[in-house]
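In: Would you be able to build a 3D model of this:
(one chain, ligands or ions: 1)
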Amino acid sequence: MSNYLRLGVNIDHVATLRNARGGAHPDPVSAALLAQQAGADGITIHLREDRRHIKDADALAVNEAIDIPLNFEMAATQEMVNFAKSLQPHACCIVPEKREEVTTEGGLAVAGHEAKLSALLAPLKEAGIRLSLFIEASEHEIRAAKEVGADIVEFHTGRYCDAEAQEERAHELARITKAAALAHELGIEVHAGHGLTYDTVGAIAAIPEMKELNIGHFLMGAALFTGLGEAISTMRHYMDAARSQAGS
Ligand code: PXP
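Out: Numbers count the residues shown, from 1 in each chain. This is a model prediction of the structure:
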């Protein structure tokens, strides 16, 4: 198993800041290119139904500009499937979406919806786009993702990151670690993301089956103080350190 852990940088909140005033600044395409230059292995964007940050034109422009893979997060709707087929990103990550939420609050409910999701998402796979499902780290969701034909599962790390008590954090980490082993065993690539910071990334990075982490909000916040390039290289440093410690 290759030991390299990819870092996908989510640039949604560059668009959040731009949209706060309208106009073109700061530009998500410039942020994507800067992230690429700073060592990001991929760029992640989420085109929400309400277009609160990334807009259709941003998605097209970012995909055109970068030389690294685009991970396109989207809700499981026909509108988004049609858009993704014309965008042709490297991967589509299917996320649950509620209009009233501030951020993606939990994993996608795949179990119980396998037939509907398979029918809706099959055209993405037929178009050569890798299919990723953003789910909770639980056995029944992983098995359901397998049935839907997911190439990738991305585990929601929000509960792990938000856990205040040591015991709860250890419990959440054990849940994700166990889920990663099962997904890998079923031939599904393992990713994770949501809420990761310099403090929380190490334990997740150390999970041997982990292939990619997608990180946005914390990096954009850190970038205000240190610049995006430094924020990305610092995150990379914590990921690599945890990985090599786990491997030694
Ligand atoms: N992965 C997915 C599927 C997400 O929806 C998000 C949040 O947009 C992230 C990763 C990144 O989370 P954060 O912005 O908290 O790093």
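In: Distance from stretch 22-30 to the middle of the chain?
Out: Its chain's C-alpha centre and that of stretch 22-30 lie 22 Å apart, by CA atoms, centre = their mean, to the nearest Å.
In: Can you show me the helices along the chain?
Out: In the chain, the helices defined using DSSP state H lie at 12-21, 28-37, 56-65, 78-87, 114-126, 139-148, 158-162, 166-185, 201-205, 217-226, 228-247.
In: Which one of these lies nearest to the ligand?
Out: Smallest distance to the ligand across these (CB to the nearest ligand atom): 3.4 Å, for helix 217-226. Using the backbone N, CA and C atoms, a C-beta is placed for each residue, glycine as well.
In: So what's the model's average confidence on that closest one?
Out: If you average the pLDDT over helix 217-226, you get 98.
In: May I see the buried residues of that helix?
Out: Buried positions in helix 217-226, judged by neighbour count with 16 or more other CB atoms under 10 Å: 217-220, 222-223.
In: Next: stretch 93-100.
Out: Counting neighbours by 16+ other CB under 10 Å, one finds that the buried residues in stretch 93-100 are 93-97.
In: Repeat that for stretch 119-131.
Out: Here stretch 119-131 shows 120-121, 124-125, 129-131 as buried, counting by 16+ other CB under 10 Å.
In: Between which two of those is the distance greatest?
Out: Maximum pairwise distance among those (CB to CB): 16.1 Å, between Leu120 and Arg130.
In: For Asp50, find the nearest of the helices of the chain.
Out: helix 12-21 (11.1 Å).
In: What is the closest one packed up against?
Out: If contacts are counted by 3 or more CB pairs under 8 Å, 6 or more residues apart in numbering; DSSP states H and E, helix 12-21 sits against helix 28-37, strand 42-46, helix 217-226.
In: Now the shortest one - C-alpha only, PDB.
Out: The reference is to strand 42-46. Below are the C-alpha coordinates for strand 42-46, written out as PDB (Å, rounded to 0.1, in the frame of the first residue of the first chain):
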ATOM      1  CA  GLY A  42      -6.200  18.200  -5.400                       C
ATOM      2  CA  ILE A  43      -8.800  21.000  -5.200                       C
ATOM      3  CA  THR A  44     -12.200  20.500  -3.700                       C
ATOM      4  CA  ILE A  45     -15.200  22.700  -4.300                       C
ATOM      5  CA  HIS A  46     -18.900  22.400  -3.300                       C
END
